[in-house]
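J.: Provide a 3D model corresponding to the input given below.
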Amino acid sequence: MVVTTTISDSDEHLRCTFASRYSQVSLPRFKIPNGSMPKDAAYQIVNDELMLDGNPRLNLASFVTTWMEPECEKLIMASINKNYVDMDVYPVTTELQNRCVNIIAHLFHAPVGDDETAIGVGTVGSSEAIMLAGLAFKRKWQAKRKEQGKPCDNPNIVTGANVQVCWEKFARYFEVELKEVKLKEGYYVMDPAEAVEMVDENTICVAAILGSTLTGEFEDVKLLNELLMKKNKEMGWDTPIHVDAASGGFIAPFLYPDLEWDFRLPLVKSINVSGHKYGLVYAGVGWVVWRSKDDLPDELVFHINYLGSDQPTFTLNFSKGSYQIIAQYYQFIRLGFEVIFQLHHSIILHKNCLKGYELALLINFLYFMIK
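T.: Residues are numbered from 1 along each chain as shown. The predicted structure follows:
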């Protein structure tokens with residue numbers, strides 16, 4: 001027989017969050033509460049509200065990675081409190097970012113020598129990457145116009161009407177006219193010939209999409225390069241190309257290595273890609289890479305020293321997390337070229353077995369289709 005006793009004055013009490021007063025009193029929705037609450041009660045309240053969110057593994061609409069290996073998640077949790085911008089305190093994280101930039105630059109055939117470092121930066125998704133690339137084009141165009149004694153107050157950019165909303169944001173935020181090539185029935189990407197026709201002396205660049213927002217199709221960057229080179233020669237211009245490879249940048253080098261869309265084409269000066277899409281990292285990481293140092297104006301790079309030594313920085317924000325960069329490097333070395341190829345190739349094979357709405361869902365998940 002087991003004999004039990006009760007200590008009436010004990011400080012240890014059996015607590016039930018749902019029976020506590022914290023679940024019986026309404027919390028102010030838009031104001032901070034006057035008093036505190038136990039950590040388990042706060043956790044339960046927030047966790048229960050989040051149950052009304054969708055399941056990320058079933059979210060096929062936002063085109064981002066929703067699963068990573070437990071080992072990578074351990075690295076993420078171990079670095080979740082690291083502020084990436086403090087390079088003196090976290091020099092290894094900075095080194096990992098530089099490795100990622102160079103890995104991506106080589107994937108995109110940047111003309112980087114064995115003893116050279118690629119020019120690029122990690123960003124908060126492709127939206128920030130596009131803002132930075134667009135700013136570089138605008139400043140280079142303005143500088144040349146001023147040098148020529150010509151007006152530089154009416155820049156424009158040529159894109160297809162199928163671009164993602166971040167291009168519209170760039171145009172509106174940074175006062176650049178957005179000239180869109182209209183889509184046609186049965187042809188839902190930018191027509192290179194029409195795009196080049198819209199180019200004028202005020203065009204800072206033509207933006208081609210490798211993975212259309214609407215269908216996932218790759219636009220013909222090679223043809224665009226050929227036609228634009230011809231017009232540049234005729235008009236005495238040097239209008240460049242930016243490739244928005246948010247979706248296709250981590251697809252084409254693995255599945256379509258012979259497709260010429262990247263720095264193999266002379267007018268392609270910068271490329272952005274989303275690490276959180278087919279770079280297989282959780283949401284919040286993108287990359288932008290420039291062809292050479294000459295394509296990134298020095299005036300856009302800030303040098304700060306109040307965190308220690310001189311630190312060059314070219315970002316729209318300052319503080320940001322480190323874990324996405326660390327996770328990206330993990331995926332590169334963990335999977336390697338062979339496994340990334342197998343993953344993407346397997347998805348292509350499986351999509352041929354699906355029909356109807358299942359195929360539509362998979363297309364949303366894949367976010368790319370080769371025309």
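J.: in the stretch 201-350 of the chain, where is pLDDT below threshold?
T.: Applying pLDDT under 70 to the stretch 201-350 of the chain picks out residues 307-308, 350.
J.: how about the helices in it?
T.: Along the stretch 201-350 of the chain, the segments classed as helices by DSSP state H, counting those that start in this stretch run 221-235, 252-255, 323-351.
J.: list the contacts for the closest residue to Y330 other than its chain neighbours?
T.: Leaving aside its chain neighbours, Y330 sits nearest to C72 (4.8 Å; criterion: CB to CB, 6 or more residues apart in numbering). Quick note: C-beta positions are derived from backbone N, CA and C, even for glycine. Going by CB atoms under 8 Å, 6 or more residues apart in numbering, C72 touches A327, Y330, Q331, R334.
J.: drop anything exposed from those residues.
T.: Neighbour-count burial (16 or more other CB atoms under 10 Å) is assigned, among the contacts of C72, to A327, Y330, Q331.
J.: closest one of those to S212?
T.: Nearest to S212 among the buried ones among the contacts of C72, counting by CB to CB, is Q331 at 24.7 Å.
J.: give the closest residue to that closest one in space, chain neighbours not counted.
T.: Once flanking residues are discounted, Q331 sits nearest to L280: 4.9 Å by CB to CB, 6+ apart.
J.: what residues are up against the one you found?
T.: By CB under 8 Å, 6+ apart, the contact set of L280 is T65, M68, F250, Q331, L335, I340, L343.
J.: could you find the closest non-adjacent residue to the second one?
T.: Right, the one you point to is M68. Setting aside the residues directly before and after it, M68 is nearest to Y282 in space (CB to CB, 6+ apart), at 6.2 Å.
J.: any regions of the stretch 1-150 of the chain where pLDDT drops low?
T.: Applying pLDDT under 70 to the stretch 1-150 of the chain flags the ranges 1-19, 22-23, 60-61.
J.: how about Y187, phi and psi?
T.: Main-chain torsions, Y187, degrees, to the nearest 10: phi -140, psi 100.
J.: and it, how far from H242?
T.: Here the criterion is CB to CB, to the nearest Å. By it, Y187 lies 22 Å from H242.
J.: and T66, by the same measure?
T.: From T66 across to H242, the span is 28 Å (CB to CB).
J.: higher neighbour count, the two?
T.: Neighbours were counted for T66 and for H242 using other CB atoms under 10 Å; H242 has more, 26 against 15.
J.: so what sits opposite that one in the bridge?
T.: Beta-bridge pairing for H242 (DSSP bridges): A207, S270.
J.: tell me the contacts of it?
T.: 130, 133-134, 137, 205-208, 268-272.
J.: from the residues you listed, pick the one nearest L27.
T.: Distance to L27, by CB to CB, is smallest for I130 among the contacts of H242, at 39.3 Å.
J.: mind listing what K277 touches?
T.: The contact partners of K277, by CB under 8 Å, 6+ apart, come to F63, V64, T65, A246, S247, F250, Y367.
J.: hey, where'd the strands end up in the stretch 151-300 of the chain?
T.: Secondary structure of the stretch 151-300 of the chain (DSSP state E, counting those that start in this stretch): strands located at 156-160, 177-181, 203-209, 241-244, 268-274, 286-290.
J.: so which of those is nearest A78?
T.: A78 lies closest to strand 286-290 among the strands of the stretch 151-300 of the chain, at 22.4 Å (CB to CB).
J.: list of residues touching that closest one?
T.: With contact meaning CB under 8 Å, 6+ apart, strand 286-290 is reached by 100-101, 104-105, 108, 110, 118-130, 132-133, 136, 246, 269-276, 279, 296.
J.: what is the burial count for P70?
T.: By other CB under 10 Å, the residues close to P70 number 6.
J.: distance of it relative to D238?
T.: For P70, the distance to D238 - CB to CB - is 50 Å.
J.: could you do W287 as well?
T.: According to CB to CB, W287 stands 25 Å off from D238.
J.: quick one, which of these two is more surrounded?
T.: Between W287 and D238, counting by other CB under 10 Å, W287 is the more crowded of the two (30 against 14).
J.: in CSV: the helices of the stretch 201-350 of the chain, plus distance to M37.
T.: Below are the helices of the stretch 201-350 of the chain laid out as CSV (distance: least, CB to CB, whole Å):
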stretch, distance to M37
helix 221-235, 56
helix 252-255, 50
helix 323-351, 29
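J.: most packed of those?
T.: Sort the helices of the stretch 201-350 of the chain by mean neighbour count, taking mean count of other CB atoms under 10 Å, and helix 252-255 sits at the top with a mean of 21.
J.: which secondary structure elements does that one contact?
T.: Counting contacts by 3 or more CB pairs under 8 Å, 6 or more residues apart in numbering; DSSP states H and E, helix 252-255 packs against helix 323-351.
J.: just how off-centre is the helix it packs on within its chain?
T.: Centroid displacement of helix 323-351 relative to its chain, using CA atoms, centre = their mean, to the nearest Å, is 16 Å.
J.: out of the contacts of L280, which one sits closest to T93?
T.: The closest of these, once distances to T93 are taken by CB to CB, is Q331, at 15.6 Å.
J.: return the residues in contact with that closest one.
T.: M68, C72, G279, L280, V281.
J.: of the residues you listed, closest to W141?
T.: G279 (30.0 Å).
J.: most surrounded residue in the contacts of K277?
T.: Within these, most neighbours by other CB under 10 Å means A246, with 30 neighbours.
J.: could I get the phi/psi values of the closest residue to that one other than its chain neighbours?
T.: In space, and not counting its chain neighbours, A246 is closest to S126: 3.9 Å by CB to CB, 6+ apart. Note on S126: backbone dihedrals following degrees, to the nearest 10 are phi -70, psi -20.
J.: how far away is S126 from V64?
T.: Distance of S126 to V64, given as CB to CB: 11 Å.
J.: that's all I had, so thanks and see you.
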